[in-house]
Each structure stands twice: as structure tokens, then as C-alpha cells.
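> model the structure of this input:
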Amino acid sequence: DIGADTVFQKGVIGWKVVNPQYGHTSLVGKPLYGLPNLVVNEAGDRFINEALDYPFIYEGMEVDGGKLFYFIFDSDVSDTVQVEATTNTLEALEAAVEAGVAFKADTLEELQEVSGLRHLVHSVETYNEYAVNGNDEYGRAADTMKEIKVGPFYAIQSQQATLGTFGGIKTQINGEVLDESGEAIPGLYAAGEVANGDFFGYYYPASGSSITMSVVFGR
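Model (predicted):
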């Protein structure tokens, strides 16, 4: 009402879910948030270092351009550990199969056939080689990779989602709010979520970045 300027650069906090029905707190959705495993696109091709923070996975999906992606599991998996609970990953994967958002097969060849991920076998074989020998083509450390070799095998779908957006009141570096002519409005300051439009670009840089911004500029 007093003429503060605003700034919006279409920035988002990139996330991943099975689909809008099954988010990260649902039993079906939780396998996407366990230890990083192989992720492929709709052709069955690997496209990113899966051990990166979640905003980079989102960005990789964006660059790939596909609508659905698949997280690949074998039956030798650890429980999914989250702050609020520990989930039996195989139980969750079976629930995903029952819900129609995952495929299951006794062999990788069968999984490739039933899922339509036509390059899956090659991608898994290559991934397994990097897990054993290192020097991953996407720069992933071998100690974060585990061979996918114990059937039955699973492919659970995933798609892009957002946790939030960026934009709001235009400020100077000291938090003073600017009007539409670029002049400071005396006595008015903004910080945190309402004033993050200049701080973040299109992709969120890393988990927790907003906390740092809020603490520093808030103080």
C-alpha cells in the first residue's frame, strides 16, 4: 500500500514425489528418500549423480525434459530412515507396486520389458561397474554406490514437484525496503521468506540455504 517494489524470478525449491497422490510422507512415496540409488529417465538412461542434494536432482530432471523418472531398487535394500520414522523399504516398494506406480520383476531383463525402460539393463550394468571400480561418469563417489544385483528388482516412478517459490519485497543488502523508483522507504525493513526474490535464482542452491538467509538478514 505504501509503494514497495517486488521481485519475482520464477524461482522454485525443487523436490521429487511419486505423484501428487503419494508425497514424501506416504508409505508409497518414502523409497525416494532413502539412500541414493540409480535413477533413470523414461528411456532407461541414467542422467545425473544421484547422490547430489535434492535441488540438483530436480534440476537434472528439468534438463532431461521428461515427465516421469524411475528409481531402481534390488531386494538388498536398507530401511528408509527419516526424522519422523523408519520405513521398511521393501514393504513400501510392494505397496507402490500394488498402487500401480512401480514395476517389479525377478530379473533386470524382465523389469526392462514390463516397464518399457528400454536401456535399463545397460544402465544397471554400467552403474554396477562404477560401483565396483569407481571413476563414475557423473562424478559420483564409489562409496556412495551399491551394486544392483539381488532380485526381485523394482522401478518406482517419480516426477518433479516443488516445496515452495521465491519472490517478494524488493530490498537493499541491509534489508531496507525499496519503492518502485529504487529509493529506500524510511523505517521499513524486510527479511526471510518475504524478501528472497533477489537472493535465489531459478534453482534452489541447496537444502538449508533459506535458513542462512533468514538468520543473517533477519539479524
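> alpha carbons only for contacts and neighbour counts from here, please
OK.
> report the helix or strand with the lowest average pLDDT across the protein.
Within the chain, no helix or strand scores below strand 80-81, which has a mean of 75 by mean pLDDT, DSSP states H and E.
> buried residues in the lengthiest helix in the chain, which are they?
Counting residues, the longest helix found in the chain (DSSP state H) is helix 120-133. Under the neighbour-count criterion of 16 or more other CA atoms under 10 Å, helix 120-133 has 120-124, 127-128, 130-131 buried.
> please enumerate the helices of the protein.
Along the chain, the segments classed as helices by DSSP H run 54-64, 89-99, 108-115, 120-133, 209-218.
> any idea of the mean pLDDT for the second one?
Right, the one you point to is helix 89-99. Regarding helix 89-99, the rounded mean pLDDT is 96.
> which neighbouring elements make contact with it?
Helices and strands in packing contact with helix 89-99 are listed as strand 102-105, strand 153-165; criterion 3 or more CA pairs under 8 Å, 6 or more residues apart in numbering; DSSP states H and E.
> which parts of the last one are buried?
Applying a neighbour-count criterion of 16+ other CA under 10 Å, the buried positions in strand 153-165 are 153-161, 165.
> wait, doesn't Asp79 sit right on Glu91?
No: using CA atoms under 8 Å, Asp79 is not in contact with Glu91; the gap is 9.5 Å.
> how far away is Asp53 from Ala43?
From Asp53 across to Ala43, the span is 23 Å (CA to CA, to the nearest Å).
> out of these two, which sits in the more crowded spot?
A direct count of neighbours by other CA atoms under 10 Å for Asp53 and Ala43 places Ala43 higher, at 16 against 13.
> quick check on the nearest residue to the more buried one once chain neighbours are set aside: phi, psi?
Closest residue to Ala43 apart from its sequence neighbours, by CA to CA, 6 or more residues apart in numbering: Leu117 at 5.0 Å. Dihedral pair for Leu117: phi -80, psi 80, per degrees, to the nearest 10.
> what's the burial count for Leu117?
20.
> coming back round to it: so among the buried residues of strand 153-165, where is pLDDT lowest?
Within the buried residues of strand 153-165, lowest confidence goes to Thr165 (86).
> dump the residue contacts of that residue.
10-13 (CA atoms under 8 Å, 6 or more residues apart in numbering).
> let's see it at 6 Å
Shown in contact with Thr165 (CA atoms under 6 Å, 6 or more residues apart in numbering): 11-12.
> give me the beta-bridge partners of it?
On the basis of DSSP bridges, Thr165 is bridged to Val12.
> distance of it from Asp179?
Thr165 is 22 Å from Asp179, by CA to CA.
> rewinding a little: nearest to Thr6, out of the helices and strands packed on helix 89-99?
Counting by CA to CA, Thr6 lies closest to strand 153-165 out of the helices and strands packed on helix 89-99; the figure is 14.0 Å.
> can you pull the contacts of Met145?
Ala131.
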